[in-house]
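*Asks:* below are the sequence and a predicted model; questions follow.
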There are 2 protein chains.
Amino acid sequence: MDFSSLDPLISPRSFALIGASDDATRIGGRPIAYMKERGFKGAIYPVNPKRATVQGLPAYPDVASLPAVPDVAVVAVPGEAAIEAIDALGQKGCKAAIVFTAGFAEVDEAGAAAQDRLVATAKKHGMRLLGPNCLGLFNDSIGFYPTFTASFDSGWPVPGGRIGIASQSGAYGTHLFSLARDRGIGANIVVTTGNEGEVALGDVLGWMAQSPDIDVICAYAEGIRESEKFLAALRLARANRKPIVMMKVGRSELGGAAAQSHTASIAGDDAITDAVLQEFGVVRARNTEELLDIAYAATKCIYPAENTLGVMTVSGGAGVLISDAADAVGFPMPAMPQAAQDKLRSLISFCAPRNPVDCTAQAINQIEMVGEFTRSMAVDGGYSSCLIFFSQVGGSRSVAPKIRGQLKAVMEEHPDRLWALSIIAPPDMVREYEADGFLVFEDPTRAVTALHALGRFGQSFAKAEAVAGLLPKVTLPAQTPTEAEGKRLLAAAGVPAVPERGCAEVEAAVAAAKEFGFPVVLKILSPDILHKSEIGGVLLDIDSEAAVREGFATLLARAAERAPGARIEGVLVAKQIKGAVEMALGMVRDPVFGPVAMVGLGGIFIEVLKDVTFRRCPFDAAAAEEMIRSLKGFPLLDGVRGRKKADVKALAEALANLSTFAAAAGPQLVSIDINPLLVLPEGEGAYAADAVLEIGA
Amino acid sequence: MDFSSLDPLISPRSFALIGASDDATRIGGRPIAYMKERGFKGAIYPVNPKRATVQGLPAYPDVASLPAVPDVAVVAVPGEAAIEAIDALGQKGCKAAIVFTAGFAEVDEAGAAAQDRLVATAKKHGMRLLGPNCLGLFNDSIGFYPTFTASFDSGWPVPGGRIGIASQSGAYGTHLFSLARDRGIGANIVVTTGNEGEVALGDVLGWMAQSPDIDVICAYAEGIRESEKFLAALRLARANRKPIVMMKVGRSELGGAAAQSHTASIAGDDAITDAVLQEFGVVRARNTEELLDIAYAATKCIYPAENTLGVMTVSGGAGVLISDAADAVGFPMPAMPQAAQDKLRSLISFCAPRNPVDCTAQAINQIEMVGEFTRSMAVDGGYSSCLIFFSQVGGSRSVAPKIRGQLKAVMEEHPDRLWALSIIAPPDMVREYEADGFLVFEDPTRAVTALHALGRFGQSFAKAEAVAGLLPKVTLPAQTPTEAEGKRLLAAAGVPAVPERGCAEVEAAVAAAKEFGFPVVLKILSPDILHKSEIGGVLLDIDSEAAVREGFATLLARAAERAPGARIEGVLVAKQIKGAVEMALGMVRDPVFGPVAMVGLGGIFIEVLKDVTFRRCPFDAAAAEEMIRSLKGFPLLDGVRGRKKADVKALAEALANLSTFAAAAGPQLVSIDINPLLVLPEGEGAYAADAVLEIGA
């Protein structure tokens, strides 16, 4: 998918402002004032019927009088006038508009209707429309500032920035921008989408993913409204190796149409969004600070797919703290090779050379040790990420320049590594370290989180996009099938049910048992015998052909003796399921992302702990296995505490097959709920014991 | 417990420095230079055999020559000389020493032996000894600076601070101090304990808990070495309403003697420390930033036991973000009363008046609305904590003074509330807001965490210390008992086992059944019948006296018929346990904290999810119930998804009784492991099915 239809919106050569004000502090005045100050090179056409000039520029009474077609126009006039302006712009041939005007869908039904007309008008003319009710955007690369935010009262973007911010909230997007700027982090393009009448977050992400001016994308979302463009944008960003860090708020709300399905309502649709973000390697930040930390680190454009953390410290305490933090996020900290440890010990006898490497305060007295230790970590340890804790020593005017010299030399020998410092230093010294190429954090645990995220991006970039095979043809029944029919449908799709078969003759029973695999269960088959076990009518652990023959005879004899007169149809042969782990598999139709498959451990895991994982359909068995392994309860399948390992391969295949079936079945398939699916020990398979398919209109 | 024996150490009137240097940048020179600059009022006695003066002060050749007994001395001479100095100081009558000297237990066996001699020497003279291998301390309230940290190169403590920092790590303690200072947070007393040869963290916490100069205590610990003083300090801090915020690192390490017991090794001893901290209302910070945020907020000395959060915002997005954060930590955000919501809507029709209250940008245009809305939240909402999100508007030179005036007026009407702002503002404006009494955070989610912690302190302060009753007398067997004996011991202590009794006569069986309560299980009792069920020798669901009589006869008849010749001793009557929830209860002896009880849900909850909770013994049933309710799997006991509610009261009593038994039994009792303990539906009790008591030497 190509997102260049947003070029005139974000990167235009000319610009009109409908409702232009001569007052540079007013909403209709700010964009012009900003662009004059930031040197927008394109034409600026103020439209104001009452003035000949606006802020020193010739003004035009209406859109029709404009001397040329502007690439984009800002509409800052109220109510119906906004809709009329869009129509006039469209007639003029303008291809993009930014609507500041509020009072649309965010207010009431009437506003929503007005918004529909606004959007319809834009679409009629093939215009892209940002807003309404948005704070606009800015693109500092070309000095383009169609926004009325007051953020610039406290400063312009940091020069040379290559971070894009896409935000549904104007206030929060500019909050983020201001925080970044105050930390010296350069965000050059910020787009706020407001009501998303037409242009939605996915458009902006996609445009940023293909923009040569942007390396790193920050996103803020309250809800995802569209799937196709959004997914295309995530796919494009991944293909172009551009990391997306996202704040998606509203975690605590359950809801949406997904809640209608019993299974999905357990986790809520936030879990589905989460699954989609994870699928594409988008890292979800827990708060603003984490988002900025990750974006800041990502500007190095180093994304190690095999990320390991080496830590050098002058404080043993900090080393433990950092190890805890790394452990909490699952960031591997392999030990230094023994030979390297011996070497370091020969340099400073009291050092702790394992990893964290504690060079002790001795390294400050023998400053060349800083270089020796750091080099050994890069060369011998081979860590992709190196975190160096110097605390306030790193900010000491007397010692820091010497430390900096030592570190810089090693860093320049290994420019492919991520180098982060945890120091307390005045801003000017921080800038110096940063100019050398170091990432600088005060809090070492924040550095750990940010460095770890870069590895997650690396893993995602390294993953070849699985080529989706052709979907099979699936014919659904016209309405919700019986359980038996549902199981048959699923079995045909590769999600087998527990095999069983009624056999009138002993040879058929032997054949069935051989087909299912031993052991099997034999049950007397009679419409007149309700409580089979009371007459000894159930035989377990039948483990050979001979035992089937003997059992068949035993059951018939017992029935004859203990239930004389009962009609006997034969014997039911069923695969004996013993020692199975109970799972729940399912599929729901998400209103945004379509069919989404779910897997979790059955019973309390799903009911009490909500330990489930989701993924968009379809996907292959490798992706299914990843889902299964991400469950908190996975150890139960993996032979914890002397249990047998369960047949995870069979489970993964059933899940992948379910996902393919769900994707192929089309929108009539509302949901699938398999609970339990019984997973036998390794090599013995996984079987649905209970399954419900819901078919919609 | 009284901690005033640390007065001469931290708050002395005179001070000697053994190994004093004329060079103000050397370890032996810094303390004197610092104290001169910070105006220490007491006498300073430099000891140096080679100089007549040190940094302009008269110097003394040795301890014996000192003109008076110093309250405290710093020892900065190497090796054996340090031990000799301590001895000389003790002979002189000095009561406290701070040993900077390194090369002791942190190095090797020989060092450990030297440290033992050092400590023994101090103890012989009744001296308190800080260190060795420590960075010292400072007490800015009296200008006392016996430390060689370089932290003051970048500035002195913020004046008027009332935060104490106690740290086992010198580097990390001063890192913390520097971060606090750079954020304008005043820490006036910092003590680093180094090797903790004599004075340990608990001493310092206790001294701070009783110091009139300290309101808030920050602590950094790698391991707790002593229990009695440590616990006394936590108890004293709680009684004096002084919050302790602690970083305890080493979470990811399992270990210690507790790991020897199967049950405790599941969670590791960090979980036990965690339980102790929680017991005393110590809040454990996840990282440095969180620690400082909480300490900063705590300086308001407002600790609402019933903490509710009211949020006012100019950004809907920020409101959602804040709600997510509050939900994540369990911070209640009750809605505004309907009448107040109606009132706010009449003021700004497009506002969102529920909570978060979104006053929209309209409030900036009509600035008195800021006051109206805020006042309504304080008066009508009654929130104990108010968080106000103004982002960069709060830092705008033009608008902020007006906002500040509005907010300040309301705050002054409600000084009992916690008022926090989330704004982006230059440092001078932040200081102005803070001078008004506001807490200022950039990131709103950090504000939520800090405000929430104050409520946790409030709850802890409000909790009356449970008066421990007299412990019962417990006589343990000489060695590990059989399971049956163990069960009898526990039953006598109030942890009942599943009741069962062998009955030779039918009347005895009827009596047993009536005593246990129906239903019961009847089993044929014979040494010759191993597989009772094969001869129909087990009867379930016996639910009346008549059924017992009938069952008794049936079992005898079946035995006679189907197992002729078997010796029949009668019938075993057992309480029938049906629909029970399986729990694991246990007790381990922690090397530091003594007997610690544990409870968790049985099976996978404990094995896979490590969902267990600990508490020091003894405790009462109310505390036991709190532990039980804190389990992730608690819903299983609470009737989740149509299950019957389990008898949590009986479970809590069994747990509390186990804790009393463990506390009373003394150190011979190594561990108790009850797994499973079967908890029946409400009113029906809880019974140990399997129990192991381990008795040590």
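*Replies:* Noted; the coordinates are in hand. Residues are numbered from 1 along each chain as shown, chains lettered A, B, ... in the order given.

*Asks:* show me the residue at the heart of chain A, geometrically.
*Replies:* A:L277 (1.5 Å; C-alpha atoms, centre = their mean).

*Asks:* roughly how far does the residue nearest to that one when sequence neighbours are not counted sit from B:L129?
*Replies:* Nearest residue to A:L277 in three dimensions, chain neighbours excluded: A:R284, at 5.5 Å (C-beta to C-beta, 6 or more residues apart in numbering or on different chains). Just so you know, the C-beta spots here come from the backbone N, C-alpha and C atoms, and that holds for glycine as well. Going from A:R284 to B:L129 by C-beta to C-beta, to the nearest Å gives 50 Å.

*Asks:* over to A:P61?
*Replies:* 88 Å.

*Asks:* who's more crowded, those two?
*Replies:* Regarding A:P61 and B:L129, a neighbour count based on other C-beta atoms under 10 Å in any protein chain shown identifies B:L129 as having more, with 25 against 13.

*Asks:* list the residues that contact the more buried one.
*Replies:* B:I86, B:A96, B:A97, B:I98, B:V99, B:L118, B:V119, B:A122, B:G197, B:E198, B:V199 (C-beta atoms under 8 Å, 6 or more residues apart in numbering or on different chains).

*Asks:* and the helix or strand harbouring A:A326, average pLDDT?
*Replies:* Using DSSP states H and E, A:A326 sits within helix A:316-329. Averaged across helix A:316-329, pLDDT comes to 88.

*Asks:* can you pull out the helices in the stretch 301-450 of chain A?
*Replies:* Remark: helices assigned in the stretch 301-450 of chain A by DSSP state H, counting those that start in this stretch are A:316-329, A:338-347, A:362-365, A:368-376, A:400-413, A:427-436, A:444-462.

*Asks:* identify all contacting residues around the shortest one.
*Replies:* Residues outside helix A:362-365 that contact it (C-beta under 8 Å, 6+ apart): A:V314, A:I348, A:F350, A:C351, A:M369, A:V370, A:F373, A:V393, A:V399, A:I403.

*Asks:* still on that earlier bit, just the ones in helices from the contacts of B:L129, please.
*Replies:* With DSSP state H as the criterion, helices contain B:I86, B:L118, B:V119, B:A122 from among the contacts of B:L129.

*Asks:* now name the helix or strand holding the nearest residue to the second one once chain neighbours are set aside.
*Replies:* Yep, that's B:L118 we're talking about. In space, B:L118 comes closest to B:I83 once its chain neighbours are excluded; the distance is 5.0 Å by C-beta to C-beta, 6+ apart. Element membership for B:I83, per DSSP H and E: helix B:79-92.

*Asks:* do the same with A:V190
*Replies:* Assigned by DSSP H and E, A:V190 falls in strand A:187-192.

*Asks:* swap in A:A166?
*Replies:* Element membership of A:A166, judged by DSSP H and E, is strand A:163-167.

*Asks:* same for that strand, what does it pack against?
*Replies:* In terms of contacts (3 or more C-beta pairs under 8 Å, 6 or more residues apart in numbering or on different chains; DSSP states H and E), strand A:163-167 is packed against helix A:170-182, strand A:187-192, helix A:201-210, strand A:216-221.

*Asks:* in its sheet, what does it sit against?
*Replies:* Here strand A:163-167 is paired, per DSSP bridges, with strand A:187-192 (parallel), strand A:216-221 (parallel).

*Asks:* that one - what's its average pLDDT?
*Replies:* If you average the pLDDT over strand A:163-167, you get 98.

*Asks:* now do the contacts for A:N287.
*Replies:* Contacts of A:N287 (C-beta under 8 Å, 6+ apart): A:M247, B:L321, B:A325, B:D443, B:T445, B:R446.

*Asks:* could you rerun that using 7 Å?
*Replies:* A:N287 sits next to B:D443, B:T445 when contact means C-beta atoms under 7 Å, 6 or more residues apart in numbering or on different chains.

*Asks:* per-residue pLDDT, it?
*Replies:* 89.

*Asks:* go on, A:V640?
*Replies:* So A:V640 comes in at 80 (pLDDT).

*Asks:* phi, psi for it please.
*Replies:* Backbone torsions for A:V640, taken as degrees, to the nearest 10, come to phi -60, psi 140.

*Asks:* now it: closest residue in space, sequence neighbours ignored.
*Replies:* B:V608 (5.7 Å).

*Asks:* that neighbour: how many residues sit nearby?
*Replies:* B:V608 has 19 nearby residues by other C-beta under 10 Å.

*Asks:* same deal with A:N657?
*Replies:* 21.

*Asks:* pull the contacting residues for it.
*Replies:* With C-beta under 7 Å, 6+ apart, A:N657 has these contacts: A:A493, A:G494, A:V495.

*Asks:* the closest residue in space to the first one that isn't next to it in sequence and A:P132: what is the separation?
*Replies:* Leaving out its chain neighbours, the residue that sits closest to A:A493 by C-beta to C-beta, 6+ apart is A:F661, at 3.8 Å. If you measure A:F661 against A:P132 using C-beta to C-beta, the figure is 42 Å.

*Asks:* before we move on, the earlier item: list the contacts for the residue nearest to A:V640?
*Replies:* A:G633, A:P635, A:L636, A:V640.

*Asks:* in space, what's closest to the second one - neighbours in sequence excluded?
*Replies:* Setting aside the residues directly before and after it, A:P635 is nearest to B:V608 in space (C-beta to C-beta, 6+ apart), at 4.7 Å.

*Asks:* cool, and A:A64?
*Replies:* Distances taken as C-beta to C-beta, 6+ apart put A:A88 closest to A:A64, at 6.4 Å, once the chain neighbours are dropped.

*Asks:* residues near that neighbour, how many?
*Replies:* The burial count for A:A88: 19, using other C-beta under 10 Å.

*Asks:* pLDDT score assigned to it?
*Replies:* 97.

*Asks:* that one touches A:P61, doesn't it?
*Replies:* No - contact status for A:A88 versus A:P61: not in contact, 11.6 Å apart, counting by C-beta atoms under 7 Å.

*Asks:* A:G155 against A:R181, yeah?
*Replies:* Yes - counting by C-beta under 7 Å, A:R181 is a contact partner of A:G155 at 5.6 Å.

*Asks:* the residue of the stretch 451-600 of chain A found nearest chain B: what's it in contact with?
*Replies:* Residue nearest to chain B within the stretch 451-600 of chain A: A:V581 (10.1 Å; C-beta to the nearest C-beta). Shown in contact with A:V581 (C-beta under 7 Å, 6+ apart): A:L636, A:L637, A:A646, A:V679.
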